[in-house]
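Chemist: Quick one: sequence plus predicted model below, questions after.
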Amino acid sequence: MNRSIRGVAMVAIAMFLALMLNVTISYYVRTDDLLNDPRNVRVRDEQFGGPRGPILAANTPVAESIETGSRPYEHQRQYLDGPLYAPVTGYYSYIFGRTGLEQTYNSELLGQSDAQFTQRILDTLSGRQTGGGQVQTTIVPVVQQAAWDALGNRDGAVVALDYTTGAILAWVSKPSYDPNSLASLDFPATQQAWDQLTSDPTNPLNDRATKEIFAPGSTFKLVTAAAALENGYTPQTMIDTPQELPLPGTLITLPNLAACGNTQQSLDNALTLSCNTSFANIALDLGTDVLREQSQAFGFDSAFEGDVQSAASNFPDDPDPAQLAMSSIGQFEVAATPLQMAVVAGAIANGGTVMEPYVGEEVRNANQRVLSRHDPTEVGQAMSPANAALLAEMMTHVVQRGTGTQAQIPGLTVGGKTGTAETTPGAASHSWFAGYVAEKNVAVAVYLAEELPGATATPVARAVMEAVP
């Protein structure tokens, strides 16, 4: 009898331990999934009405929760200058969930991250409601505003970053939207706002700065020039530069849009004048693998990690010779985010070192204690420091006497590359600028969906570069 009782007791103890183990594992392993499951209505109600922490640009909360004075939702998300900061903050909606930093730092803003565990315990023991943490961004409001103003009412995007650290100083996309319309407690109005935004043919919810890729046009010649320098070319290397280059295996010719002559140009002059046939001949000489590897060294074909979560820029998989020639000037299937082209320009100015772009500088808890701080992260070395210095100097020639003279800023060393990208026949061409200011450690990329007479991307870039402190 005693043996039977002991057996039953051992089975009961084993089942109890298994239950405790399952509960423990579920708590530690599945907590985030359970909290973030949209079907968990109770948690969603509690989170949406809770004291969510702010998102700051400098000392200004650009997203914060304000008290409503009513139940069941005692707090409501509010966005300062909503359209200006929309691609950065994203939105937090009861019906449509979260995007941007609202999603990336959701657990920290809720006060539910692992780093906030001790604070939650102390708050529970003292009977206080746990407050959310705050996210300090790298955005500089004066630069953000300058980018917004310079774009005006044109569709496009601007990214400015500190190329020595990867910190994003400005992140603007137009057309934009107001996150307040999706964070409203008036749910029928929220649904109506969503329907209007998603049916708008200009796609205001799309972030053109980091989430969409476009043909970069001649700004991609920076990548081709980097490949040339890394493979034996010098700025003085002479390159065949006919006025028109027959594309191999086709009846199509590639023309120069600038006055490049009809003989040869040095690599330096070819970049300054933006000679298409020079760069096509470089690509045909170097081959597909070299150009692909160089583009990948700058970040193409993979998304940047960290808190930006950008789309991956693209270099074509297996172009034939004609397609390779077009790829060398940022056409065919080459496509890049404005963030990617800012990284390219910044890496060249940074001695060839590619820094991971980021926008979250640090996270603090409700008591202002620093929970985490971003450390600048090197992604890789796109080119040697010596060749990067040569290419950076070549970029200054573009601004001094080439296609980028509108980017000149007296007293500052400005390097850059302009770009015009053809898309589909009959459609407007994109306008680009990617460049840097050495004294400010800033790289800027500007994309305009349409290049209009006298309204290219270059003056926009200059306005942004001038605004950087």
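Modeler: It's in. Numbers count the residues shown, from 1 in each chain.
Chemist: Quick check: which ranges of the stretch 351-469 of the chain have low pLDDT?
Modeler: 423-427, 454 (pLDDT under 70).
Chemist: The same query, at a cut-off of 80, please.
Modeler: Applying pLDDT under 80 to the stretch 351-469 of the chain flags the ranges 366-368, 422-428, 451-455.
Chemist: all helices for it, in order.
Modeler: For the stretch 351-469 of the chain, the helices defined by DSSP state H, counting those that start in this stretch cover 385-401, 457-467.
Chemist: Turn those into JSON lines, including mean neighbour count and distance to Gly97.
Modeler: No exception for glycine: its C-beta is placed from N, CA and C like everyone else's. Converted to JSON lines, the helices of the stretch 351-469 of the chain look like this (neighbours: other C-beta atoms under 10 Å; distance: least, C-beta to C-beta, whole Å):
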{"stretch": "helix 385-401", "mean neighbour count": "19", "distance to Gly97": "42"}
{"stretch": "helix 457-467", "mean neighbour count": "24", "distance to Gly97": "32"}
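Chemist: Save those helices as CSV, and put in distance to Ser218 too.
Modeler: Shown next, in CSV, are the helices of the stretch 351-469 of the chain (distance: least, C-beta to C-beta, whole Å):
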stretch, distance to Ser218
helix 385-401, 10
helix 457-467, 11
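Chemist: how about the closest residue to Val88 other than its chain neighbours, phi and psi?
Modeler: With C-beta to C-beta, 6 or more residues apart in numbering as the measure, Trp171 is the residue that lies nearest to Val88, at 5.2 Å, once sequence neighbours are left out. Backbone torsions for Trp171, taken as degrees, to the nearest 10, come to phi -150, psi 100.
Chemist: doesn't Val159 make contact with Trp171?
Modeler: Yes - applying C-beta atoms under 8 Å as the test, Trp171 and Val159 come out as touching, 5.9 Å apart.
Chemist: any residues in contact with both of the two?
Modeler: Shared contacts of Trp171 and Val159, defined by C-beta atoms under 8 Å, 6 or more residues apart in numbering, comprise 209-210.
Chemist: neighbour-wise, which of those two wins?
Modeler: Per other C-beta atoms under 10 Å, whichever of Trp171 and Val159 has more neighbours is Val159, with 33 against 30.
Chemist: returning to that earlier point: what sits against the residue nearest to Val88?
Modeler: Contact analysis of Trp171 by C-beta under 8 Å, 6+ apart lists 87-88, 139, 144, 158-159, 209-210, 359.
Chemist: can I get these in CSV with distance to Met341?
Modeler: Below are these laid out as CSV (distance: C-beta to C-beta, whole Å):
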residue, distance to Met341
Pro87, 16
Val88, 19
Ile139, 19
Gln144, 19
Val158, 11
Val159, 8
Ala209, 11
Thr210, 11
Val359, 17
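Chemist: Could you pick out which of these are located in helices?
Modeler: 87-88, 144 (DSSP state H).
Chemist: Name the member of those with the shortest distance to Val460.
Modeler: Among the ones in helices among the contacts of Trp171, Gln144 lies closest to Val460 (C-beta to C-beta), at 13.5 Å.
Chemist: ok, the closest one touching Ala58?
Modeler: No - between Gln144 and Ala58 there is no contact under C-beta under 8 Å: 9.7 Å.
Chemist: and the two? which has more neighbours close in?
Modeler: Ranked by neighbour count (other C-beta under 10 Å), Gln144 and Ala58 place Gln144 first, with 27 against 13.
Chemist: and the next element down the chain from the worst-scoring helix or strand of the chain on mean pLDDT?
Modeler: The helix or strand of the chain with the poorest confidence is helix 117-126; it has a mean of 52 (mean pLDDT, DSSP states H and E). Sequence-wise, the next helix or strand downstream of helix 117-126 (DSSP states H and E) is strand 134-137.
Chemist: Sounds good, over and out.
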